[in-house]
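Asks: Okay, predicted coordinates and the sequence, questions at the end:
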Amino acid sequence: MNSRRRVNSAVIWLLISIAMAFSEQQLKRIERDVGGLCERRAPPDLKDRIRLRYEINNHNVLIREARPDWRNPLEWTESDVAKLRYVRASNKWCLYWKRASGKWWLYEPNCRSMTLSAMVNEIDTDSYGCFFG
């Protein structure tokens, strides 16, 4: 009976560690850096015309833009802006942009960094018009 409890607790620990891709500290950093970008790029006085938000899925942080649909302004349509992927093995963040084909491509020339803030700065600067046009 005792060994069965150990197996169950090990399985539970494994499931919890898989579900929590980011630590609490990393989640706070994501909120500060990516959430800050979303707030800067969509100021409160424009909330009726544009919204930026982010979602976390496993090791990915997806930044999305929402605008009122041109046919029905009461409905909002969303489009992907950028994707940040954390690679735990190398302790690096990778930055992706979405091509017109709908596929994600690494953002060249600055596609990897040890810090999330460097990647967020790259999105905010948008030197090549890949993220905000």
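Replies: Sure, I can see it. Numbers count the residues shown, from 1 in each chain.

Asks: Against R88, how distant is S23?
Replies: To R88, S23 is 11 Å away according to Cβ to Cβ, to the nearest Å. Where C-beta positions appear, they are placed from N, C-alpha and C, glycine not excepted.

Asks: got it, and I63?
Replies: 20 Å.

Asks: If you count surrounding residues, which of those two has more?
Replies: I63 (20 against 9; other Cβ atoms under 10 Å).

Asks: Check what pLDDT the more buried one gets.
Replies: In the predicted model, I63 carries a pLDDT score of 98.

Asks: For it, give me its contacts.
Replies: I63 is in contact with V34, L37, C38, L52, R53, Y54, D80, V81, A82, K83, L84, I123, counting by Cβ atoms under 8 Å, 6 or more residues apart in numbering.

Asks: Redo those residues as TSV? Include neighbour count and distance to K28.
Replies: Output for the contacts of I63, formatted as TSV (neighbours: other Cβ atoms under 10 Å; distance: Cβ to Cβ, whole Å):
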residue	neighbour count	distance to K28
V34	25	11
L37	20	15
C38	19	15
L52	18	19
R53	15	17
Y54	19	14
D80	15	24
V81	23	22
A82	26	20
K83	20	20
L84	25	15
I123	21	19
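
Asks: TSV for those, including distance to K92, pLDDT and secondary structure?
Replies: Converted to TSV, the contacts of I63 look like this (distance: Cβ to Cβ, whole Å; pLDDT from 0 to 100; DSSP: H, G, I helix; E, B strand; the rest coil):
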residue	distance to K92	pLDDT	secondary structure
V34	16	97	helix
L37	19	96	helix
C38	22	95	helix
L52	24	95	strand
R53	24	95	strand
Y54	19	97	strand
D80	21	97	strand
V81	21	97	strand
A82	16	98	strand
K83	14	98	strand
L84	11	98	strand
I123	16	97	helix
